[in-house]
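Trainee: Structural data only, the sequence is not supplied:
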């Protein structure tokens, strides 16, 4: 599904991958081009699907209902994710079979002409521009924290058996780390929101190649998902691509 607006072009694609029986990823593209969400659920097929669906739905609804609020954009994003967290906690209480479900989330919101990002977990936001390729979010994982503290090297992190263990996710009573940031966007930039099913399979160079080679956001999203599947496709794969004219 793709859209083209005056301000930004965008497209998204999700795929179950080659080994999973169900897709626990969810994503959302606002028709007005001001909100983009990727969520990667966990907690069994039913739980993971429900957690990511709930998070995407609640965040979307909350932000759309409060877009004219006097709240700062940073606080608005935090409140939306906290609302999603509470919705998942409530669902867990009513459905004990989903008690361990949770989800990552990465959100990009355009408000008053500014781009904002918020995230929890290890779904990521990348920025590609002529001067370089940057990961804009830092994973909320045990290994990412160990790398930051100098206990692991980057090479060790990439192959560590605990690299998927999250230190934060949406759907937990102790959710405390919702990181928000205002993004400095330039003409020609491309943004990529994605689940770890993409980044586990593709190197930065492979991602850059897909983003640069495609003439449209839809083509880039398809190329990224196809490349991840060709490299193993061991998890669900979701890619949302934005292009700033």
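Mentor: Nice, I can see it. The shown structure was predicted, so the numbers you read here are calculated from the model rather than taken from an experiment.

Trainee: Follow the chain on from the strand ranked longest in the chain and name the next helix or strand.
Mentor: Across the chain, the longest stretch assigned as strand under DSSP state E is strand 102-111. With elements assigned by DSSP states H and E, the helix or strand that comes after strand 102-111 is strand 114-120.

Trainee: That next one pairs with which strands, parallel or anti?
Mentor: Its sheet considered, strand 114-120 pairs with strand 102-111 (antiparallel), strand 179-183 (antiparallel) by DSSP bridges.

Trainee: any chance of the ones you listed in a markdown table, plus distance to residue 239?
Mentor: Any C-beta I mention is one placed from the backbone N, CA and C, and that applies to glycine too. Listed next are these as a markdown table, based on distance: least, C-beta to C-beta, whole Å:
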| stretch | distance to residue 239 |
| --- | --- |
| strand 102-111 | 12 |
| strand 179-183 | 18 |
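
Trainee: Of all those, which one is nearest residue 243?
Mentor: Among the strands paired with strand 114-120, the nearest to residue 243 by C-beta to C-beta is strand 102-111 (12.8 Å).

Trainee: Quick one: low-confidence residue ranges for this protein.
Mentor: For the chain, the stretches with pLDDT under 70 are 1-6, 143-163.

Trainee: Could you look over the strands paired with strand 114-120 and pick the most buried one?
Mentor: Of all those, strand 102-111 carries the top mean neighbour count, a mean of 26, counting by mean count of other C-beta atoms under 10 Å.

Trainee: chain center to it: distance?
Mentor: Distance, stretch centre to chain centre, for strand 102-111: 6 Å (C-alpha atoms, centre = their mean, to the nearest Å).

Trainee: same thing with stretch 168-182?
Mentor: Its chain's average C-alpha position is 13 Å from that of stretch 168-182, according to C-alpha atoms, centre = their mean.

Trainee: repeat for stretch 212-226
Mentor: 17 Å.

Trainee: residue contacts, residue 43?
Mentor: Under the criterion of C-beta atoms under 8 Å, 6 or more residues apart in numbering, the neighbours of residue 43 are 51, 98, 100-102, 171.
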